[in-house]
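J.: sequence and predicted structure are below.
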Amino acid sequence: MKVCVYGASSDKIAPVYKEAGRELGIRLADADMTLIFGGGMTGMMGAVLAGVQEAGGQSIGISPRYFDVPGVLDKSCTEFYFTDTMRQRKQMMEEMADAFIMTPGSIGTFEEFFEILTLKQVNQTAKPLTVLDTNGYFEPMMAMLENAVEQKFIDSYVFDLFRVFVTPAEVVDWLEHCELTEETAGGFLHGHES
């Protein structure tokens, strides 16, 4: 299984996040899952890659070529691909991956998660989508979605389209054992409203 991991590039984040990222990388490698990620050497991206490499796993980095400057990318991955744009990078990651994990991050991470969630809602992908909620980082995001449901902007089935876990072990275990169902596969085309 190839698993795309989205996450922060910032190296200013607290150690608790980086440690969770490193553990996630180790567990992915131990489960014989290949990491697909944005190719960054810092933040959550760098931490997950470090864990994968520590455990002898496989990794695929994908980045726009304009990020190829000192201190940004780690090209020691098993494979590394350059794209011309961010959109091409996201498309390549999406097409290569069998599943997705969002770890704590910023604008780019949120965008990547919501793009996959939207594709699931309109039944354009059935790939599993998970969230690693280290240190309660995504609680405000979940509250935002709950508010949107309460105010009738979204139907509550949106919460069936992804899974939230607190530990890397839970994320990887679920990916190893998940079965695609109507709830994990898609949204309104299965009879729900958009």
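T.: Received the coordinates, thanks. What you are looking at is a predicted structure, and each value in this text was computed from that prediction instead of being measured.

J.: got the buried residues for stretch 3-13?
T.: Val3, Cys4, Val5, Tyr6, Gly7, Ala8, Ser9, Ile13 (16 or more other Cβ atoms under 10 Å). For every residue, glycine as well, the C-beta is placed using N, CA and C.

J.: report pLDDT for Cys178.
T.: pLDDT for Cys178: 80.

J.: quick check: it touching Pro128?
T.: Yes: using Cβ atoms under 8 Å, Cys178 is in contact with Pro128, at 5.3 Å.

J.: between the two, who's got more neighbours?
T.: Set side by side, Cys178 and Pro128 show more neighbours around Pro128, with 25 against 13, by other Cβ atoms under 10 Å.

J.: inside helices: which ones of the buried residues of stretch 3-13?
T.: Secondary structure from DSSP state H places none of these in helices.

J.: secondary structure element for Gly21?
T.: Element membership for Gly21 (DSSP states H and E) is helix 15-30.

J.: number of residues surrounding Pro140?
T.: Pro140 has 9 neighbours, counted by other Cβ under 10 Å.

J.: check the one 10 residues further on too.
T.: Here the number of neighbours of Glu150 (other Cβ under 10 Å) works out to 10.

J.: rewinding a little: which one of the buried residues of stretch 3-13 is nearest to Leu119?
T.: The closest of the buried residues of stretch 3-13 to Leu119 turns out to be Cys4 (Cβ to Cβ; 12.7 Å).

J.: sorry, back to before: following element in sequence after the helix holding Gly21, please.
T.: Following helix 15-30 toward the C-terminus (DSSP H and E): strand 34-37.

J.: which residues in this protein form strands?
T.: 2-6, 34-37, 59-64, 79-83, 99-102, 129-132, 163-165 (DSSP state E).

J.: will you turn those strands into TSV that also has mean pLDDT?
T.: Shown next, in TSV, are the strands of the chain (pLDDT from 0 to 100):
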stretch	mean pLDDT
strand 2-6	98
strand 34-37	98
strand 59-64	98
strand 79-83	98
strand 99-102	98
strand 129-132	98
strand 163-165	98
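
J.: alpha carbons of the helix holding Gly21, as CSV, please.
T.: What follows is helix 15-30 as a C-alpha-only set of coordinates in CSV (Å, rounded to 0.1, in the frame of the first residue of the first chain):
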residue,chain,number,x,y,z
PRO,A,15,8.5,18.4,19.6
VAL,A,16,5.3,16.4,20.4
TYR,A,17,4.2,16.8,16.7
LYS,A,18,7.6,15.7,15.3
GLU,A,19,7.7,12.7,17.6
ALA,A,20,4.3,11.6,16.4
GLY,A,21,5.4,12.1,12.8
ARG,A,22,8.5,10.0,13.4
GLU,A,23,6.5,7.2,15.0
LEU,A,24,4.0,7.3,12.1
GLY,A,25,6.9,6.9,9.7
ILE,A,26,8.2,3.9,11.6
ARG,A,27,4.8,2.3,11.8
LEU,A,28,4.2,2.8,8.1
ALA,A,29,7.5,1.2,7.2
ASP,A,30,6.9,-1.7,9.7
